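> this is the structure alone, sequence omitted:
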């Protein structure tokens, strides 16, 4: 029988004993207060209080990861900071299947406790009662493959660049070039939703005009992720605009529209939701503050996101390759037996990273999004795109890129232009 | 003429030159990409590119605040990390008056750049075009005073404790006791919205039954902030339940329902929105990662929050007093000539902190929320409440608490029970 409670695993650092700090977290995030009050009976406590179910001690260090912690009362002498992985089980009856309140429980005031000098939510187990309320991704991997007509290889895409500044007509022209080159997927930049210089309605008309025209001719319809991030009514209106124009994807800045907005969009949405995680650095970049992707991605899959960004190997950002691979693997794990959202690999991708990405994840069920890697290819966008497709063919066949490039000139150019990325 | 663009000020740390890192941020968050692409003309760049308008150099350090940064290409020898305050101006035409996209711009991918080893958004100037779209707090300070009938002193409140576990009937009984004691304001805990053990509808019926009964008798209606954090449709339904029962406040976990949900609620709301910032530690606790309250509070005031939590002096959390005072002062500053949200002072408050809070802020336009400080008072909740009122009277009159306590026995008990908090 699956677990019926909420289980959260944290990396903790504390100037007090790990056992005490863990109990403080469990208390603060369930029935506790700072002084005993009337009404807090033993029976109520037994039913409602979160329980510390595991502690695995790690290293002790001399300096705190975060400021503002306090040693136990009466402590004298130098303070040391003890690290541990701890597991806390929260009664589901405290919360019910309510995503924002789940987050308030596992990801709320606890980061502010003076008993902790570091706290990161590593992972979370969510009971099946949530699946009854939240239907999850409506399209996911299979639906996205069906809409794009791409099978047995990654869905290859690009981003409209420059990020901002292009008029709807310029964007339409760019998309036509990319579509003619054979691209599967194009996305708006997250900096661009419905700005004065490119109103969403006009941009959608220009872009979908080009996409539909070409689809009528070739049978292949490019998926264009329109950034509809906005207030609720505007998002739903934008969604309808996209659907009416024949569009097949909407994009949202998850962290900035927020959880309730995304769940709401999911219930009205007729096309896949492309989840952009910009702002993710706030959760991820410090090793002892925030939320690991393992936990984060479960929340957004429940909310109904069909595609979720994971960065890419050898990206232009700070994120180490091992973390990117963990993220892709986390999305491959079934949630409630399914809820498959498609990992979106992006940032500094040229195709050169394909072999390593495939070797470490064993999957082509990804979106592979390249900006300059396609647009700045010496042979133009069509050649850039072919280069990336060839890189993935080589990766799946287990052939070294340098060998495969011998009779694949676009890949050869990719390798020459973008340098000796391993593979 | 007020500024028409978006101006963001950051604390930056970088292993490269400050000038270069600032330019990378400006480029990444406006027209930039990692390679020049067709369509990125000089004219477009001039119109769309964010500009670095100020750099104030600070200290240089030997160790990075955050992992994953990279020195400039070709750098040899030991890396040093340069800190500075930088100001970046983003063209409003890139964004338009769209709060989630404003956040994606000033608070998006930039935290992930390998050119930065630390980045905190310190403050933000938002152009008036946002005020045309976002009406801001509907009630604010004046409306909350009118609904509670409290003038010229803080609105004194408490939190339902235990946080979770009480039945609707038990909650109703607790609220009756508090209401009879003369409390102005009571709030649900953020861990409790619509759980199985206390369905919102039943809790509202039980609580408002008591509040309305007493209001009919005394003319004083306690403001009860019902935690409606949930999905959009549920939040609106819960709001209607509260209004129909005669309730005068709803509460939301801002970070977990998200920005679009709160703006949406504001447009439908008939009573004040009590903004709980749980999860705020993620933004605030690291000195070189995240967002300062000065910036954060402007976003939520625009979204329409009437009350916003600020922690309290000598709180049980990690936050230093100076930071709490800065937060209260930030909320006192007009935004677009108004948009006044009421600071909610809470966490470990007993009344003892009143003189220092008043001395440093000069205002009684605050909500002052105490848990144990009221409930665990030796004379019971009514005496605890009187003790806090007396502490604020003394604070405003400039009389030392110990002197004022001589002929105010409840305050005397407060000081004895909760110890020598300064004042």
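Received it, and whenever you're ready, just let me know what you need. Owing to the predicted nature of the structure, the values given are computational and were not obtained by experimental measurement. Numbering: from 1, shown residues only, chains lettered A, B, ... in the order given.
> give me the neighbour count for the residue in chain A that chain B sits nearest to.
At 1.0 Å from chain B, residue A:258 is the closest residue in chain A, using CB to the nearest CB. Glycine gets a C-beta too; all of them are placed from N, C-alpha and C. Here the count is done by other CB atoms under 10 Å in any protein chain shown, and residue A:258 has 27 residues near it.
> equivalent analysis for the one 5 residues further on, please.
Neighbour count of residue A:263, defined by other CB under 10 Å: 27.
> so which helix or strand takes in it?
In this structure, residue A:263 sits in helix A:259-268 according to DSSP states H and E.
> list the buried residues in that helix.
Residues of helix A:259-268 classed as buried by neighbour count (16 or more other CB atoms under 10 Å in any protein chain shown): A:259, A:260, A:261, A:262, A:263, A:264, A:265, A:266.
> ok, stretch A:44-55 next?
Buried residues in stretch A:44-55, counted by 16+ other CB under 10 Å: A:44, A:48, A:49, A:50, A:51, A:52.
> show me the helices in the stretch 251-400 of chain A, by range?
With DSSP state H, counting those that start in this stretch as the definition, the stretch 251-400 of chain A shows helices at residue ranges A:254-257, A:259-268, A:281-284, A:293-303, A:321-332, A:354-361, A:372-375, A:381-397.
> next one: the stretch 101-250 of chain A
A:129-133, A:140-148, A:168-181, A:200-218, A:232-244.
> need the nearest residue in space to residue A:210, chain neighbours excluded.
residue A:176 (4.2 Å; CB to CB, 6 or more residues apart in numbering or on different chains).
> partner residues bridging residue A:156?
On the basis of DSSP bridges, residue A:156 takes part in beta bridges with residue A:368.
> what about it, how many neighbours?
Every residue meeting other CB under 10 Å relative to residue A:156 is counted, giving 27.
> pretty sure it contacts residue A:390?
No - applying CB atoms under 8 Å, one finds residue A:156 not in contact with residue A:390, separated by 11.0 Å.
> how far out from the middle of the chain is stretch A:342-359?
15 Å (CA atoms, centre = their mean, to the nearest Å).
> possible to save the helices of the stretch 251-400 of chain A as CSV with mean pLDDT?
Written out in CSV, the entries for the helices of the stretch 251-400 of chain A read as follows (pLDDT from 0 to 100):
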stretch, mean pLDDT
helix A:254-257, 98
helix A:259-268, 98
helix A:281-284, 97
helix A:293-303, 98
helix A:321-332, 98
helix A:354-361, 97
helix A:372-375, 84
helix A:381-397, 95
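> so which of those helices gets nearest residue B:134?
Of all those, helix A:254-257 sits nearest to residue B:134, with 14.4 Å by CB to CB.
> other residues contacting that closest one?
The set of residues that contact helix A:254-257 without belonging to it, under CB atoms under 8 Å, 6 or more residues apart in numbering or on different chains, is A:229-230, A:235, A:262, A:275-280, A:282, A:300, A:305, B:99-101, B:103-104, B:107-108, B:258-260.
> tell me the SS of residue A:59?
Following DSSP: H, G, I helix; E, B strand; the rest coil, the label given to residue A:59 is strand.
> and it, how far from residue A:379?
Distance from residue A:59 to residue A:379, counting by CB to CB, to the nearest Å: 52 Å.
> quick one: is the least confident helix or strand in chain A by mean pLDDT near chain B?
Evaluated with mean pLDDT, DSSP states H and E, the helix-and-strand set of chain A has its lowest mean pLDDT in helix A:42-48, which scores a mean of 80. Yes - using CB under 8 Å from any CB of the partner chain, a contact is recorded between helix A:42-48 and chain B, made by A:44, A:45, A:47, A:48.
> right, and the pair among those with maximum separation?
With CB to CB as the measure, no two of these lie farther apart than A:45 and A:47, at 7.3 Å.
> name the residues contacting each of the two.
Residues touching both residue A:45 and residue A:47 (CB under 8 Å, 6+ apart) are residue B:165.
> near residue A:234, how many other residues are there?
20.
> phi, psi of the closest residue to it other than its chain neighbours?
Excluding its sequence neighbours, the residue lying closest to residue A:234 (CB to CB, 6+ apart) is residue A:194, at 7.1 Å. Backbone dihedrals for residue A:194, given as degrees, to the nearest 10, come out at phi -140, psi 60.
> next, the contact list for residue A:194, please.
For residue A:194, the contact set (CB under 8 Å, 6+ apart) comprises A:200, A:228, A:230, A:234, A:238, B:96, B:98, B:101.
> buried stuff in the host helix or strand of residue A:417?
Secondary structure from DSSP H and E places residue A:417 in helix A:409-418. Using 16+ other CB under 10 Å as the burial criterion, the residues of helix A:409-418 that qualify are A:410, A:411, A:412, A:413, A:414, A:415, A:417, A:418.
> do stretch A:332-344 as well
In terms of neighbour count (16+ other CB under 10 Å), stretch A:332-344 has its buried residues at A:335, A:336, A:339, A:340, A:341, A:342, A:343, A:344.
> check the offset of it from the chain's centre.
The answer for stretch A:332-344 is 12 Å, by CA atoms, centre = their mean.
> contacts for it, please.
A:126, A:128, A:130-131, A:136-137, A:140-142, A:144, A:155, A:274-275, A:297-298, A:300-302, A:305-310, A:327-328, A:331, A:361, A:363, A:365-367, A:369.
> write the ChimeraX selection for whichever of those are buried.
Here is the ChimeraX selection string for the buried members of these, based on 16+ other CB under 10 Å:
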select /A:126,130,131,136,137,140,141,144,155,274,275,297,298,300,301,302,305,306,307,308,309,310,327,328,331,361,365,366,367,369
